[in-house]
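1. Please find the sequence and the predicted model below.
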Amino acid sequence: MELKIEGVSKIFINNHNEHIVLQEVSFTVHEGQFVTLLGPSGCGKTTLLTIIAGFQAVSGGQVLLNGLTVTRPGPDRGFVFQNYALFPWMTVRDNILFPMKRSKTPAREREQHLQELLSIAQLEGKEKLYPHQLSGGMKQRIAFIRALAGRPEVLLMDEPLGAVDFQMRQMLQEELEALWLKDKTTVVMVTHDVDEAIYLSDRVIVMSAREGEILEDMPVKLPRPRDRKDPVYVKSKEHLMDALKVAINKQPDSEAERRLRLA
């Protein structure tokens, strides 16, 4: 599996004015990697994630998955939304089975995979509950394994813990890592949380507010599970925080500056 982002640009037009969100962004994600896009609000990281998912079209460049151009959503890419996006009228069981039914997975295989996923997420016995009966942590785990249910090649996650309060966040990061380690699906995640990026990722890509410019592509070479008090962990976190400060301060060009730079 190889995911290639090649010179991706995204321009929104409002009242005949162009707003460049992404300008020729490029990087490659290899099989089994957990890659995080980190940057300030408005840097285009979520826009890029939705382009990879096929929810939005590029204005320039291309996204390639296994050499094929991504032009629309597909079962080879799972997506975990910030607000979980569970179907409130469906039980836990039916939420997880939904992507398998859409992909026409045989009934016997569906049941077997359902039980495997429930076991991985430690949710046995919760199959008949509805989303409103679940804690935030349970909803997060269900959203994660539902995205895995269709056996995607790449899992895309947009602030998957963004709806969780700070006190629960670290605990759920540990749960999310444990779930991921059992499957090792390739992941691209969006976050603005530096600690979360270090704790979960194999690589962290720092994007600036200036048209999604990549300021850093930093490998995280720490053993798992990670010790947040490890001096290397602390140093990596400090390094990323400095990079994020640069990203925040690197504002988009004015129209005149942009024309001069592109001339």
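-> Thanks, I have it.
2. Now residue 3. Nearest residue, chain neighbours left out?
-> Spatial nearest neighbour of residue 3, excluding adjacent residues (CB to CB, 6 or more residues apart in numbering): residue 29 at 4.2 Å. From N, CA and C alone the C-beta is placed, and that goes for glycine too.
3. Against residue 101, how distant is the nearest residue to residue 89 once chain neighbours are set aside?
-> With sequence-adjacent residues excluded and distances taken as CB to CB, 6+ apart, residue 89 is closest to residue 130, at 7.8 Å. To residue 101, residue 130 is 18 Å away according to CB to CB, to the nearest Å.
4. secondary structure class for residue 155?
-> Following DSSP: H, G, I helix; E, B strand; the rest coil, we place residue 155 in the strand state.
5. whoops, I mixed them up, residue 7
-> Classification of residue 7 using three-state DSSP returns strand.
6. Hmm, it is touching residue 24, no?
-> Yes - with contacts counted by CB atoms under 8 Å, residue 7 reaches residue 24, the gap being 4.6 Å.
7. Tell me the strands beside whatever helix or strand the residue nearest to residue 3 lives in, with direction?
-> Using DSSP states H and E, residue 29 falls within strand 17-30. Within its sheet, and counting by DSSP bridges, strand 17-30 is paired with strand 2-14 (antiparallel).
8. In the partner strand, which residues are buried?
-> If you call a residue buried by 16 or more other CB atoms under 10 Å, then strand 2-14 has these buried ones: 3-6, 8-10.
9. Ok, stretch 168-187 next?
-> Judged by neighbour count using 16+ other CB under 10 Å, the buried positions of stretch 168-187 are 172-173, 175-177, 179-180, 183, 185-187.
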